[in-house]
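>>> Just a sequence and a predicted model for now, questions to come.
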Amino acid sequence: MPLGDLGYRAWNGRTAARGTAWVVIAWTGIVLAWQSMWLRRLLFLAWGPTVVAGTCFFGFERLVEDGKLTPQVVSSTLIRRLPKAEALLEAMKPDPSQKEVGIAKSRRTVWAWILMMFMRSPQAILLVVLVGVVAPPLVSRDLGARAHLVYFTRPISRWEYILGKSMVVSAYVSGITLVPALVLWVLGVLLSPSIAVIWTTWDMPLRIIAASMVLLVPTTLLSLALSSLSHQPRWATFAWFSVWSLGWIAHGAFIQAAATSSFNQPIASEQVADMLAPLDSFLDSQQFDHPDMLGPGGLGGGLNQRTNQRLLDAMLSDRFAPVSLFHTLGVVQAWVFGLEDDLSRVWPSMVMLSLVSIVSACVLLNRVTAPLRA
Amino acid sequence: MGDPWLIFLMLLTPPNIVNASTVSHPPYSGDKQEPVVVLEHVSKRYGSINALSDVSLTIGHGITGLLGPNGAGKSTLVKTMLGLLRMSSGQGRVLGFDCRHQALDIRAAVGTMPEDDCYVPGLTGVQMVRYAARLSGLERVESLRRAHEVLDWCGMTQERYRPVETYSSGMRQKLSFAQALVHDPKLVILDEPTAGLDPSERRDMLGRINTLARIHGKAVILSTHILPDVQAVCDWVVVLCRGRVKLSGALEDLTRPLFPMHRLCVRGDASAMVQRLEHIGIRAEITFDGSITLHGVDGSTVSGVWRLAADMGFGVTSLEPMRTSLETLFVDAVREHSHAAG
């Protein structure tokens, strides 16, 4: 018997308000997940792309500050990738008053583009790996160790349990998407020539939060739903990676098949021409001091040639995006960042993400207490 | 005019506040005379299977043994009381809270020790108990203090710092017991608390259960297959079979035989004693172990037995009322049901 044992003692202390147990579940889950060395390494690795994105911010702001944001630079580097080239071209107009407006607009576009690319290419892929490490054991291990009896024999509802577990995944995913993206925005503000940039990019943090939510909600719910389907975390991990890779493969296969048939049909070229028409007319209306700087065929022609393939790909990609979670997320994120205005191309992806979230939430709600009903 | 607003406000108000049953039934006062569990015509169906059929039950303070063969509905009954399962019909109150609408209040006031091993992988023993305390609403520092306190009482020493996965089944039982008590519940539901314990630990565990009920005034429901445990500590017994209550009442009353019987052991010729007893009108018979069973002896006639033994010069080694064993009661109750079903 321990020296300090005083026998059973009654306890009549204060208890926390009902409905706060999810904080305890979340915190314990975060601490337990943190014990994984692989997770810590992955988090460290996931901050690497932030440096690259930060360098892009720095490069752009240097171009602006040194007055080197010229049509040549734009046409040779940025415009090949940027979806909204009009704003950049505004920045190169000869009228100084319009130029300021153009720089402000182009900053928003370039920042949004860098942030979206940051969240898409490195972070969304790292997110898949990170969630694949964190989420599968969260519910399945509880089911395997019958920990649901620990939770549900206490004043905890299913919602609180799911919220707590979701917060574990969300915390780690935010750590590699939301937090570094916000850091990048702050970095951009600090690197820009004037602090007034805050006023012209005030919506950027909100867009970052919204884009992170687009990533967080469906992925968290889906990963937990898969975790709840098995008592073995390894099956949940397998299912998680299968969903992503199969979606990716299916998307690639559809694109390939569609591209093969589309290139032989004149209608595809007409569609591309329709998509490019607003940009071409805009370019035609601009009066540049040195049109020869724009390269052979002019900026419009060069742009047209270079972007033909890309826009066709984009058009096809958007159409098939709902089959792949990765591409679906990309389409909605582009809309959130203001890089995609055409809602008709976004809504199928939105519907798909909503469906994934709702179905996953229903599965999760049903599964977490299923052993108690048996 | 006010009706739409009233409806709107009622919709906004949490259901446990607008619930009429809450208003008409005040929460449990802690009065020892007040029953802790009241179930009225409770039924629970899983599809076409009746897990509980018209169960009406009142459980008071003290220790109540919940007995029944496998599949009798004990776990379903416990889950229904905790509000984990929605009853198909009937109503129930635990500690004054309605089972249907105040399940979270019930679970906050009840400590449950499930039969199965249940733990959160990756935590040590003390972290596990502390986690349980935190989930019950205890604050950060207080939960740790309380976890150590309860673990001390449960006889968990340094092993509390080991990961739960490495525990033996006996240690897990003690850990589970500590988790059930960490928030100092008014009602403790223990499912097979002595399973997997060695004889010494079993005795300690029964001692702790006794202490909780007798000294600290907790109501305890003990669901078990081990009848000697029930006989050792329980005040009340409920026998369930195929979802129906077959037997329910105070252990003292249930084990009392229909007609008073005593068991007499004497130093001397038992057959001569039997002859003299029958001579004075007491029906007696010698049992296989050499003792004498006296039928129809009550308090007034027992002195005559003493006097007779003294007259005959026999030493009386024991004279005690005979009781029906719990095992006999249990087997009879279950068999009766099986025959009825057959």
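In hand now; what should we look at?

>>> make it CA atoms for all contacts and neighbour counts henceforth
Fine.

>>> mind listing what A:Leu163 touches?
Contacts for A:Leu163 (C-alpha atoms under 8 Å, 6 or more residues apart in numbering or on different chains) come out as A:22, A:26.

>>> where in chain B is pLDDT low?
B:1-32, B:258, B:336-342 (pLDDT under 70).

>>> residues from the stretch 1-150 of chain A in reach of chain B?
Counting by C-alpha under 8 Å from any C-alpha of the partner chain, the stretch 1-150 of chain A comes close to chain B at A:1-2, A:4-8, A:10-18, A:21, A:24-25, A:32, A:141-142, A:145-150.

>>> ok, now which ones touch the nearest residue to A:Phe241 once chain neighbours are set aside?
Once flanking residues are discounted, A:Phe241 sits nearest to A:Gly132: 7.0 Å by C-alpha to C-alpha, 6 or more residues apart in numbering or on different chains. A:Gly132 makes contact with A:223, A:237, A:240-241 under the criterion C-alpha under 8 Å, 6+ apart.

>>> Make CSV from these and add distance to B:Thr76, pLDDT and neighbour count to it.
Formatted as CSV, these follow (distance: C-alpha to C-alpha, whole Å; pLDDT from 0 to 100; neighbours: other C-alpha atoms under 10 Å in any protein chain shown):
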residue, distance to B:Thr76, pLDDT, neighbour count
A:Ser223, 31, 96, 29
A:Thr237, 33, 95, 21
A:Trp240, 35, 95, 25
A:Phe241, 38, 95, 16
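
>>> Looking at these, which is nearest chain B?
The shortest approach to chain B among the contacts of A:Gly132 belongs to A:Thr237, at 17.6 Å (C-alpha to the nearest C-alpha).

>>> The closest one contacts A:Leu138, doesn't it?
No: applying C-alpha atoms under 8 Å, one finds A:Thr237 not in contact with A:Leu138, separated by 11.0 Å.

>>> Please list the residues of the stretch 1-150 of chain B that sit near chain A.
Residues of the stretch 1-150 of chain B lying near chain A (C-alpha under 8 Å from any C-alpha): B:79, B:82, B:84-85, B:103-108, B:111-112, B:114, B:116-123, B:131-132, B:134-139, B:149-150.

>>> Could you rerun that using 7 Å?
B:85, B:104-105, B:107-108, B:112, B:117-120, B:122, B:132, B:134-139, B:150 (C-alpha under 7 Å from any C-alpha of the partner chain).

>>> quick one: buried residues of stretch B:304-324?
In terms of neighbour count (16 or more other C-alpha atoms under 10 Å in any protein chain shown), stretch B:304-324 has its buried residues at B:305, B:309, B:314, B:319, B:321-323.

>>> Please apply the same query to stretch A:60-69.
Buried residues in stretch A:60-69, counted by 16+ other C-alpha under 10 Å: A:60-62, A:64, A:69.

>>> now whatever residue of the stretch 151-300 of chain A ends up closest to chain B, nearest residue through space, not along the chain?
Using C-alpha to the nearest C-alpha, the closest approach of the stretch 151-300 of chain A to chain B is made by A:Pro155 at 4.5 Å. If the residues on either side of it in the chain are set aside, A:Pro155 comes closest to B:Leu104, at 4.5 Å by C-alpha to C-alpha, 6+ apart.

>>> can I assume the one you found is in contact with A:Thr153?
No: using C-alpha atoms under 7 Å, B:Leu104 is not in contact with A:Thr153; the gap is 8.9 Å.

>>> Between these two, which has more neighbouring residues?
Set B:Leu104 next to A:Thr153 and count neighbours by other C-alpha atoms under 10 Å in any protein chain shown: A:Thr153 wins out with 27 against 24.

>>> Quick check: which element contains the closest residue to that one other than its chain neighbours?
Among residues not flanking A:Thr153 along the chain, B:Arg107 sits closest, at 5.9 Å (C-alpha to C-alpha, 6+ apart). Assigned by DSSP states H and E, B:Arg107 falls within helix B:103-109.

>>> For that helix, buried residues please.
For helix B:103-109, by 16+ other C-alpha under 10 Å, it's B:103-109.

>>> for stretch B:66-86, same thing?
Within stretch B:66-86, the residues scored as buried using 16+ other C-alpha under 10 Å are B:66-69, B:72-86.

>>> picking up where we left off before, what about the residue nearest to A:Phe241, distance to chain B?
Distance of A:Gly132 to chain B, given as C-alpha to the nearest C-alpha, to the nearest Å: 18 Å.

>>> Could you say which helix or strand holds that residue?
Using DSSP H and E, A:Gly132 maps to helix A:125-134.

>>> what's downstream of the helix or strand harbouring A:Ala225, the next helix or strand?
Assigned by DSSP H and E, A:Ala225 belongs to helix A:203-228. Sequence-wise, the next helix or strand beyond helix A:203-228 is helix A:233-262, with elements assigned using DSSP H and E.

>>> so what does that following helix touch, helix or strand wise?
With contacts defined as 3 or more C-alpha pairs under 7 Å, 6 or more residues apart in numbering or on different chains; DSSP states H and E, the secondary structure elements packing on helix A:233-262 are helix A:136-144, helix A:203-228, helix A:298-320.
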